[in-house]
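1. I'll drop the sequence and a predicted model, then ask my questions.
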Amino acid sequence: NAGVMQNPRHLVRRRGQEARLRCSPMKGHSHVYWYRQLPEEGLKFMVYLQKENIIDESGMPKERFSAEFPKEGPSILRIQQVVRGDSAAYFCASSAGTGDRQPQHFGDGTRLSIL
Amino acid sequence: AQSVSQHNHHVILSEAASLELGCNYSYGGTVNLFWYVQYPGQHLQLLLKYFSGDPLVKGIKGFEAEFIKSKFSFNLRKPSVQWSDTAEYFCAVRGYGGATNKLIFGTGTLLAVQP
């Protein structure tokens, strides 16, 4: 499967713990995007990264959330000290570039549940 | 600020009925427009996209959408739906030429097709 791979598919954490969500882009894609889908809402942009660079983090909460896309390995979305309101589906997408004809391809998402 | 409105939150149709899902966007410049579909338990898949040219865009599975610039609309249509079209449909917009490449999504329309 050469698609966008996210793991885990489901993640359960207790309040105060850390959550780490991983995303491996499609082969040949160097642009990664994270979106969050809260219950009964559409997807909201969080952050856009290229290898080793954060390009746009305008959708990231100011505290507890961070993202990285290292030179080697998957992109990581990290949520520290999780709270109930962090429960959501987190989707990763990737693209080959930023040109107008470069659509984003989505992974299956990670469903995060906070107890 | 960019925004996307999907007017129909839930739509129930019988098989063979015609479908039209509304999408309006707010953006001051040139846009790229997308419709994504999310089948139960699956990731978002690109149905169709508009970048430029012919405002009537044909996508996969018999779907089409028409870009009407004067109305800021990009409605999705299908002449005859099937039970397998049961899914959630998301309209999205991306500002042309921006560095960020982020997608702004509508809240989605849940379509249920009854056999």
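-> In hand now; what should we look at?
2. most centrally placed residue in chain B?
-> Taking Cα atoms, centre = their mean as the criterion, residue B:35 is the residue nearest the geometric centre of chain B, at 3.3 Å.
3. correction: the previous question concerned chain A.
-> residue A:34 (3.5 Å).
4. looking at it, it is touching residue A:88, isn't it?
-> No - using Cβ atoms under 8 Å, residue A:34 is not in contact with residue A:88; the gap is 11.3 Å. Every C-beta, even on glycine, is put in place using the N, C-alpha and C of the backbone.
5. spell out which parts of chain A neighbour chain B.
-> With Cβ under 8 Å from any Cβ of the partner chain as the criterion, chain A meets chain B at residues A:3-4, A:31, A:33, A:35, A:40-45, A:48, A:55-56, A:58-59, A:91, A:93, A:95, A:98, A:100-109.
6. buried ones from those, can you make that a PyMOL selection?
-> Here is the PyMOL command that selects the buried residues among these (16 or more other Cβ atoms under 10 Å in any protein chain shown):
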select buried, chain A and resi 4+31+33+35+42+43+45+48+55+56+59+91+93+95+98+103+104+105+106+107+108+109
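7. residues contacting residue 18?
-> As the question left the chain open, I've gone with chain A. Residue A:18 sits next to A:78-82 when contact means Cβ atoms under 8 Å, 6 or more residues apart in numbering or on different chains.
8. wrong one, I was asking about chain B
-> Neighbours of residue B:18 in contact, by Cβ under 8 Å, 6+ apart: B:77-81.
9. kind regards, and thank you for your time.
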